[in-house]
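Q: make a model of this:
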Amino acid sequence: MSRRCTLSGCWLLVPMVFIFGCQGQGTFSSGGVNAADIDPTLPVIPDSAVSRAITWENRTGAVGAGGMSKSGLGTGRKGSPCIPEVKNGETVTLMDIDGCGVIRHIWITIPDRSPEAMRNMILRMYWDGSEVPSVEVPLGDFFGVAHGQCRVLTTAYVTQVLGRGYNSYFAMPFGTHARITVSNDMPNGRDLGSFFYQIDYELRDKLPPNTGRFHAQFRRENPTVMKRDYVILDNVEGPGCFVGCVIGVRALGPHWWGEGEMKFYMDGDTDYPTICGTGTEDYFEAAWGMGEYQTPYAGCPMHLTNNFFKYPLVSLYRFHEKDPVYFRKSFKATMQQIGWNQGLFERCDDWCSVAYWYQLKPVKQMPPLPDRAARTADIIEPPKPKQDKPKAGVGRFVPLFDGKTLNGWTIYTHEGAQVEPKNSSWSIPEEGILHTTGDESKDYWISTNEKYGDCVLRMDFRVTQGANSGIFLKVPGHDRPAYTGFEVQILDDAGKPADKHSTGSIYDVFAPIANVSRPLGQWNSIEITCKGRLVTVVMNGLKIIDCDFSLMTEPMGKFDFPYAKMPAIGYIGMQTHGNAVSFRNVAIKKLN
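A: Reported below is the predicted structural model:
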């Protein structure tokens, strides 16, 4: 997202870089281009700027040095995509380069997304040879969600794509040197494996005059002090610009917690601030309470209560791209601790924050980062009592898919070779959803590890355009499931006449009495009952198949055996055969 030079704020093509000397006269020049001559509709390319990227494979961003490592596939075939391990207590350098430039984008992902990891993997950034970090923030909080939680997040400056791909788009200029590190301070000696990252930046001959350096600072006060405002940021030297914050609130009691006002003390303010808002939710661009919402510049990606968090656990963000808060000498930001219950009342809760700002020089001193105990107290839910996985018993349904893992399932080729999930089209894109992309180059099926006899199988499914899948039952082995068991067809065919290949058919053998498929994108329910040689299929509340395999004494359709000789027990599975299909609420009830 470009910030172009305007007479009021002189925002440049460099995002979030401020120019105090512009004075609205259009006299600033970068690379020979006069600000007054810039056409804001055109992509102005700065003289001398060249793009680079740092990964674990190319740790210095060297020219022509990306993708050189060797893997089992050969040289240059994804040989070193990540830091293999960050040991407990270890600090790893992600970037350490000399020169002048601007970091444009940082992407990170890690396999451990627990609060212990998101609050205790610590990012630090140092500019221009400073030994004091200008950024010192837990990983999760830096990327926009408080309390060590992960959420799908889309803002103008930080994102959590699918809750697991972490991105920053803050411009981070450096004049002579840039260094970024990550430290593992997780509890119980835990190591972290597979730290993936990419830092995209540009090198320049020089930066424009008065270019600010990026800063970010984490704080937590648990609990806050009654009648004392929570401090988000203070002791900042100007000139500078406050560009936003992430706030976390763990309410410690009932009633509305957010009547407090945001205050910005600037350039020598003492008792009263120059800028004072009207209420907490007002500052975050909402009104009359709080709920989950997201916009580019303000939002609440999490508003959670459960058995552990009995009062709201809230994460909020606010970015000042359109309304930057400039200061000349000093800056302090605070939030009052005021609630409402038939009137205003003072209260104290658990607050944390990340402040983002720019100032002309790197900070000389940062307040101490809260230690691990202070960072993580009261935000880690106790482990749930371990329970044995329920086994299917007569007369009751039990889940076949736990909604989080592929435990109890294995993926096979149609020739019976086992396939690792990462090499297949099967995944769990969100909790409770079992999904296949339908990639026909990975025409695999997913099978239960247990065989079942007489049973009732039920689930929901949802198809995409062109989808082709099916549900297998009574499969005796792991090869040729479409020929050795029987298949209930799943197809993108809503509104078409019913035949032996329609959704809900016993494929190539029995046609349903009607095609009751719902339109694309809607969930369908299906229940398949096997009792001896009798099979019924109920879909979306209508019985569409009622057949007796014992009458099929000769092979039918594509099958080379009579259904009367169908195995009494077998595996249950689902098929990948073309375009995406999702499944949920997969459960089974044994009948004997």
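Q: residues of stretch 539-550 that come out buried?
A: Neighbour counts over stretch 539-550 (16 or more other CB atoms under 10 Å) mark 539-540, 544-545, 547, 549 as buried. For every residue, glycine as well, the C-beta is placed using N, CA and C.
Q: would you confirm that residue 421 contacts residue 406?
A: Yes - applying CB atoms under 8 Å as the test, residue 421 and residue 406 come out as touching, 5.9 Å apart.
Q: and the residue nearest to the spatial centre of the chain, what does it touch?
A: In the chain, the residue lying closest to the centroid (CA atoms, centre = their mean) is residue 163, at 1.2 Å. Neighbour list for residue 163: 113, 150-153 [criterion: CB atoms under 8 Å, 6 or more residues apart in numbering].
Q: among those, which ones are buried?
A: Among the contacts of residue 163, those scoring as buried are 113, 150-151, 153 (criterion: 16+ other CB under 10 Å).
Q: okay, and for this protein, where does confidence drop off?
A: Applying pLDDT under 70 to the predicted model, the residue ranges of the chain that meet it are 1-38, 386-395, 558.
Q: in it, which spans are helices?
A: If you assign secondary structure with DSSP state H, the helices in the chain sit at 115-118, 139-142, 280-283, 372-376, 481-484.
Q: which of the buried ones among the contacts of residue 163 sits closest to residue 106?
A: The closest of the buried ones among the contacts of residue 163 to residue 106 turns out to be residue 153 (CB to CB; 14.8 Å).
Q: do you know how far that closest one is from residue 342?
A: Distance from residue 153 to residue 342, counting by CB to CB, to the nearest Å: 35 Å.
Q: sorry, back to before: point out the most buried one among the helices of the chain.
A: A comparison of the helices of the chain by mean neighbour count, using mean count of other CB atoms under 10 Å, puts helix 139-142 on top with a mean of 25.
Q: please enumerate residues in contact with it?
A: By CB under 8 Å, 6+ apart, the list of residues contacting helix 139-142 from outside reads 108, 110, 115, 117-119, 121-123, 135, 146, 148-150, 158, 166, 168, 182, 216, 218, 246, 248, 352, 354.
Q: ditto for stretch 113-123
A: Taking CB under 8 Å, 6+ apart as the criterion, the residues outside stretch 113-123 that touch it are 86, 110, 135-142, 145, 147-150, 163-164, 180-187, 190, 192, 369, 372, 375-376, 379-380.
Q: so residue 571 sits right up against residue 472, yeah?
A: Yes - Residue 571 lies in contact with residue 472 (CB under 8 Å); the separation is 7.3 Å.
Q: okay, and the common contacts of the two?
A: With contacts defined as CB under 8 Å, 6+ apart, the residues shared by residue 571 and residue 472 are 447, 481, 485.
Q: between the residues you listed, which sits nearest residue 52?
A: Using CB to CB, residue 447 is the member of the shared contacts of residue 571 and residue 472 that sits closest to residue 52, with 47.0 Å.
Q: hang on, isn't that closest one packed against residue 477?
A: No - shown here, residue 447 and residue 477 do not form a contact pair, counting by CB under 8 Å, at 9.6 Å.
Q: higher neighbour count, the two?
A: It is residue 447, of residue 447 and residue 477, that has more neighbours when counted by other CB atoms under 10 Å, with 24 against 14.
Q: list residues touching both of residue 447 and residue 477?
A: Between them, residue 447 and residue 477 share the contacting residues residue 571, judged by CB under 8 Å, 6+ apart.
Q: burial of the nearest residue to residue 169 once chain neighbours are set aside, as a residue count?
A: If the residues on either side of it in the chain are set aside, residue 169 comes closest to residue 157, at 5.2 Å by CB to CB, 6 or more residues apart in numbering. Residue neighbour count, defined by other CB under 10 Å, stands at 22 for residue 157.
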